[in-house]
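> With the sequence up front, the predicted model follows.
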Amino acid sequence: MKTTKYIWLLCMFLLPTVLTSCNDSDDYFSDDAQSTPISVTQIYLEDYESSVPDRAVTFARLGQLIRIEGSGLYGMRAVYINGYDTYFNRAYVTDNSMLITINSNTPVADAEEEDRNIIRLVKDNTELSYSFTIRAASPTVTSVSNTLPKAGETVIVYGTGLEETTKVTLPGGTEITTGIESDEDGAWYSFTMPSGITESGSIYSEGANGQAATPAYFNFDECMILDFDGNGTQGYWSWSETGSMINADDLVDDPVAGSDRGKCVQIIPERLITAGGVMSGKPRASECWTAGNDNEADDWSLMYSYIPAETSLTEVALQFDVYVSEDDPWTGCGQIQICLFNNFNFAGIGSDDDGSSNQVAFYVPYIQSGEIIPFYTEGWQTVTIPFSEFNKYATLIADSESPTFADVVTDRNAATYRNFGMGFANTDFTYDGVSVTSSTFTTRIYLDNWRVVPCKSITISDYPEDEEE
């Protein structure tokens, strides 16, 4: 039905093309046409893929085709949208309507104040400025700096089109309208975490380009693996003063002043740093595990009530928090290896652990876009690694298969030892085109709050009330 409507609509606007050859070509530029007053009664969005292909709207986005309806439009010489001289084909102009595409180069946030959200219609002897909201592409969210913040901590939401964010709504409905900062290029906005937020879910924001939403992982601790403060159980065995195993005595208090997060794990224990650090070329320099087979919480099927078994692995992730001091940045060498169960040697990237069928992932934050950049954080920072990026599942997806969260749970429960663990390897490796040669390592890297979270991206439709006809 909607296709028929759109074909009819196109035929209506193609009619002037047929009639042009029958008319005096000067009629368009005649004194009468150039002097007739211009009026606009409504603007419509033209989208044949929508259930409403000719929709009355109060705003439009860059690149969209709109239809201006009114009178006195025949003879239009120029159209300026947000001050930008916008091309149109006069073959699609009648006295009562015209079609025009909003050029992708049209300024939005950086438009001159007097031009912003104005469509200026110009003929030789008359013109009209019509107020109409112009937005850039729909805003998107790519990451959140800290998804388990304490009250008073700064949260930064990264993405595109987030400029002029004026309102943030947290899970549970708490609204923030003051103290919000946002990047003038739309790359981020920030707010201070209020007290008393107990619910988890998505952060919703409103800005110059409309609404945006984070995945539903904000404040999400329902599927905690290990937080070193009683949620989840740490496992350790064969501990020695110089060994790689991390036990409860190796845990440290939150090193961030005023954060008060309780205990966390220093992935290179202080006893090893004090003894001179981790020597170059050393695999399995340190390791920290959950309790494994004897602990009920290590059966992740318990998480199905929060993250359904059939959830695609592109929509479920491992999260943890990291802190590295600016005074002692992580750079030059080392890697964190993440293992879904205890069947690997912490030998790092390029080793037998790094096989296409292995349930491992690696964290090397100081290598960014093919360069080594010293890594540190301002307070605690959240790391999100979708399970689709673990080697085995990434390989399956590359082969056009669709692994689910149930595959992760099944693989873990089928393992001889289902301990989940992270460890540090100080070996030579190549990552993102960068070759890393190991050296003695003494940097303090703190980790906390290992958890499984939903990470499905949320796209907010401009017209959620749409229904297929």
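Structure's in. What do you need? Numbers count the residues shown, from 1 in each chain.
> C-alpha only now, for contacts and for neighbours.
OK.
> Which helix or strand in this structure has the lowest average pLDDT?
Every helix and strand in the chain was compared by mean pLDDT, DSSP states H and E; the lowest is helix 2-20, with a mean of 46.
> helix or strand right after that helix?
Read in the C-terminal direction, the helix or strand following helix 2-20 is helix 31-35, with elements assigned using DSSP states H and E.
> and the closest residue to Tyr417 other than its chain neighbours, what are its phi and psi?
Nearest residue to Tyr417 in three dimensions, chain neighbours excluded: Asn342, at 5.4 Å (CA to CA, 6 or more residues apart in numbering). Dihedral pair for Asn342: phi -90, psi 80, per degrees, to the nearest 10.
> Kindly report the same for the one 4 residues further on.
In this entry, Phe346 is assigned phi and psi values of phi 50, psi 50 (degrees, to the nearest 10).
> shouldn't Leu272 be in contact with Ser240?
No. The pair Leu272 and Ser240 fails to qualify as a contact (CA atoms under 8 Å) at a distance of 11.0 Å.
> Neighbour count: the two, which is higher?
Leu272 (18 against 10; other CA atoms under 10 Å).
> Contacts only, for that one.
With contacts defined as CA atoms under 8 Å, 6 or more residues apart in numbering, Leu272 is in contact with 242, 278.
> and it, which of the three is it?
At Leu272 the chain is in helix, as set by DSSP: H, G, I helix; E, B strand; the rest coil.
> Can you give me the distance of it to Gly332?
Leu272 sits 19 Å away from Gly332, going by CA to CA, to the nearest Å.
> got any ranges where this protein has weak pLDDT?
Across the chain, the ranges flagged by pLDDT under 70 are 1-26, 465-469.
> host element of the residue nearest the centre of it?
Per CA atoms, centre = their mean, the C-alpha nearest to the average position across the chain is that of Thr142, at 1.4 Å. Here Thr142, judged by DSSP H and E, is contained in strand 140-144.
> Going by contacts, tell me the helices and strands next to that strand.
If you count contacts as 3 or more CA pairs under 8 Å, 6 or more residues apart in numbering; DSSP states H and E, strand 140-144 packs onto strand 154-160, strand 210-213.
> Mind listing what's buried along stretch 319-326?
Of the residues in stretch 319-326, those scored as buried under the neighbour-count criterion (16 or more other CA atoms under 10 Å) are 319-325.
> Thr314 versus the nearest residue to Ser369 once chain neighbours are set aside, what's the distance?
Ranked by CA to CA, 6+ apart and with sequence neighbours excluded, the top spatial neighbour of Ser369 is Asp432, at 7.2 Å. As judged by CA to CA, Asp432 and Thr314 stand 21 Å apart.
> Looking at the two, which one has more neighbours?
Thr314 (22 against 11).
> Report the secondary structure state of the residue nearest to the more buried one when sequence neighbours are not counted.
Nearest-residue entry for Thr314: Ser388, 5.2 Å, with adjacent residues in sequence omitted and distances by CA to CA, 6+ apart. Ser388 carries the three-state label helix when classified by three-state DSSP.
> can you start the count at 400 instead of 1 from here on
With the count now opening at 400, the last piece we talked about shows up as Ser787.
> residues near Gly657, how many?
One way to gauge burial is a neighbour count; for Gly657, by other CA under 10 Å, it gives 11.
> For the residue nearest to the centre of the chain, give me its contacts.
Contacts were defined as CA under 8 Å, 6+ apart; by that measure Thr541 touches 556-559, 613.
> picking that back up, tell me which of the buried residues of stretch 718-725 fall in strands.
In strands, defined here by DSSP state E, the members of these are 718-722.
> which one among those residues gets closest to Pro802?
Each of those was scored against Pro802 by CA to CA, and Gln718 proved nearest at 19.0 Å.
> looking at the sheet around the closest one, what are its partners?
Taking DSSP bridges as the rule, Gln718 bridges to Thr783, Arg850.
> Now do the contacts for it.
Here Gln718 is in contact with 781-784, 848-852 (CA under 8 Å, 6+ apart).
> Closest one of those to Ser601?
Ser601 has its nearest neighbour among those in Val852, at 11.7 Å by CA to CA.
> What strand or helix carries that closest one?
Assigning secondary structure by DSSP H and E places Val852 in strand 845-853.
> tally of neighbours for the residue lying closest to Gly471 once chain neighbours are set aside?
If you skip the residues right next to it in sequence, Gly471 has Ile437 as its closest partner in space, 4.5 Å away by CA to CA, 6+ apart. Ile437 sits with 21 neighbouring residues when counted by other CA under 10 Å.
> check contacts around Ile437.
Contacts for Ile437 were tallied using CA under 8 Å, 6+ apart; they are 469-472, 520, 525-527.
> now swap in Pro436 and tell me
The contact partners of Pro436, by CA under 8 Å, 6+ apart, come to 470-471, 525-526.
> So which of those residues sit within strands?
470, 526.
> Most neighbours of all the contacts of Pro436, which one?
With neighbours set by other CA under 10 Å, the maximum within these is found at Gly471, which has 22 neighbours.
> my guess is that residue contacts Met497, does it?
No. Under the contact definition of CA under 8 Å, Gly471 does not touch Met497, with a separation of 10.5 Å.
> which residues are common contacts for the two?
What both Gly471 and Met497 touch, as defined by CA under 8 Å, 6+ apart, is an empty set.
> I'd guessed Thr713 sits against Ile784; true?
No. With contact defined as CA under 8 Å, Thr713 and Ile784 do not form a contacting pair (9.7 Å).
> contacting residues around the closest residue in space to Val567 that isn't next to it in sequence?
Distance criterion CA to CA, 6+ apart; nearest residue to Val567, sequence neighbours excluded, is Ser604 at 4.4 Å. When the contact criterion is CA under 8 Å, 6+ apart, the partners of Ser604 are 564-568, 610-612.
> so Ser604 bridges to which residues?
Beta-bridge partners recorded for Ser604 (DSSP bridges): Val567, Ala611.
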